[in-house]
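Peer 1: Below is the sequence, then the predicted model.
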Amino acid sequence: MFRGISSINLDVKGRLAIPTRYREELQECCDGQLILTVAVNELCVGESGCLWVYPLPEWEKLEQTINRLPTLNKMAGKLRRFLIGNATECEMDNQGRLLLPEKLRTFAGMDKKLVLVGQLNKFELWNEDAWTAKEAEWMTGTDNEGLEELGSLSF
């Protein structure tokens, strides 16, 4: 399971180094095979400044779930085109680096400073400025949509 927040840098070639604490687990669970795609929010549109990074086995589970969605459902079709259509296979190199495809870097506004956020079975990769803004939004309570639903969870 992936948890925690790491500040990382994008090099001039568009590569980022996966933090050391995750590398061994990623080698064991997926042999360094990862899928990068655009982050999708509840409205089926891209989350500005964010990409999702999945270990291949977790991505395959998501693909199976999406594949079971009704073919003629408009939102399911949008999800397929957006999430699956933008998915890119990436492999960690021997130094634990990933090359971010230019299309995804541009889409998410990825520049030098990034934030990698563990999300249990995947990571979110954020442009640092977008992460800081979103975090401030969450902390000030301006983005509380759906919080009432959390009351049904037991911890």
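Peer 2: Okay, I see it.
Peer 1: Determine the next helix or strand in the C-terminal direction from the strand ranked longest in the chain.
Peer 2: Looking across the chain with DSSP state E, the single longest strand is strand 46-55. For strand 46-55, the following helix or strand on the C-terminal side (DSSP states H and E) is helix 56-67.
Peer 1: Report the buried residues of that following helix.
Peer 2: L56, E58, W59, L62, E63 (16 or more other C-beta atoms under 10 Å). C-beta coordinates here come from the backbone N, C-alpha and C atoms, glycine included.
Peer 1: distance between the helix or strand containing L104 and the chain's centre?
Peer 2: In this structure, L104 sits in helix 102-108 according to DSSP H and E. On the basis of C-alpha atoms, centre = their mean, to the nearest Å, helix 102-108 sits 13 Å off its chain's mean C-alpha point.
Peer 1: Please report how far the nearest residue to W126 once chain neighbours are set aside lies from L125.
Peer 2: Using C-beta to C-beta, 6 or more residues apart in numbering and skipping the chain neighbours, the partner closest in space to W126 is V115 (4.5 Å). Separation of V115 from L125 (C-beta to C-beta, to the nearest Å): 8 Å.
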